[in-house]
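Student: Take a look and give me a structure for this.
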Amino acid sequence: MSEFDPAPESDAAQRRWQEGTDTFGRVYDVALGVTSPTAYTEIAELADCSPNAAKKHLERLTEMGIVRTDHDSRPAQYERNDGYLEWQEASQIADELSIDEIIDRVAALEEQLTEYEEQFGTTDPTAVSVVEHDDHEMVHERMTAISEWQGIIREIRLYELARQLSQNDGHLIPA
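Tutor: This is a model prediction of the structure:
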């Protein structure tokens, strides 16, 4: 494989990707899975393409707001932009549900949120200790509850964003 060849080199590499997935698609898929700063050379390896091709596509994804770049590190590092993904999810919710359905969902989520806050005596799930019990089952139950609580907080944020998008014709603020 030459330095500029975006095609996978081996049959094993080709099987990892759906037939017909182009280099941009492979880099995009890998970038969405990157949750911490990762060198473009490692992304290239995961996407089965040359480092130059990966860097070119990662720069395009940065311009689109899909990934963030740390150009100060050597080599440059990239990670997915969770804000972009949340906006994308909220847009999908706004397309699929009416404003009334979104408002009803937020109300139901807020009721669940209040129950967790009352159960644990705080509004911050990160302030709750899960290991203060010796009973393994109790620790597991608390971990599950806190995870669900954090999920509810995220869902409220998504549905509120979806409501704003629906009420403002796809914009976050009125035009």
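
Student: how about the strands in this structure?
Tutor: Assigned by DSSP state E, the strands in the chain fall at 38-39, 67-70, 77-80.

Student: Please work out which of the ones you listed is packed deepest.
Tutor: Of these, the one with the most neighbours on average (mean count of other CB atoms under 10 Å) is strand 77-80, at a mean of 21. For every residue, glycine as well, the C-beta is placed using N, CA and C.

Student: In the sheet, which strands lie alongside that strand, parallel or antiparallel?
Tutor: strand 38-39 (antiparallel), strand 67-70 (antiparallel) (DSSP bridges).

Student: Output those in TSV; the columns should cover distance to residue 153 and mean pLDDT.
Tutor: Below are those laid out as TSV (distance: least, CB to CB, whole Å; pLDDT from 0 to 100):
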stretch	distance to residue 153	mean pLDDT
strand 38-39	27	94
strand 67-70	23	90
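
Student: Tabulate those in CSV, adding columns for distance to residue 116.
Tutor: Below are those laid out as CSV (distance: least, CB to CB, whole Å):
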stretch, distance to residue 116
strand 38-39, 34
strand 67-70, 31
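
Student: out of those strands, nearest to residue 86?
Tutor: Relative to residue 86, the nearest member of these by CB to CB is strand 67-70, separated by 13.8 Å.

Student: got the CA coordinates for that closest one in CSV?
Tutor: Provided in CSV are the C-alpha atoms of strand 67-70 (Å, rounded to 0.1, in the frame of the first residue of the first chain):
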residue,chain,number,x,y,z
VAL,A,67,-14.9,15.8,15.6
ARG,A,68,-12.6,18.1,17.6
THR,A,69,-8.9,18.5,16.9
ASP,A,70,-5.9,19.0,19.1
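
Student: what residues go with each domain of this protein?
Tutor: Following automatic domain parsing, one gets these domains for the chain: 11-80, 84-167.

Student: Can you lay out the ones you listed as JSON lines showing distance to residue 174?
Tutor: Converted to JSON lines, those look like this (distance: least, CB to CB, whole Å):
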{"stretch": "domain 11-80", "distance to residue 174": "22"}
{"stretch": "domain 84-167", "distance to residue 174": "8"}
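
Student: ok, and which of the ones you listed has the densest surroundings?
Tutor: Most buried among these, counting by mean count of other CB under 10 Å: domain 11-80, with a mean of 17.

Student: All set, thanks.
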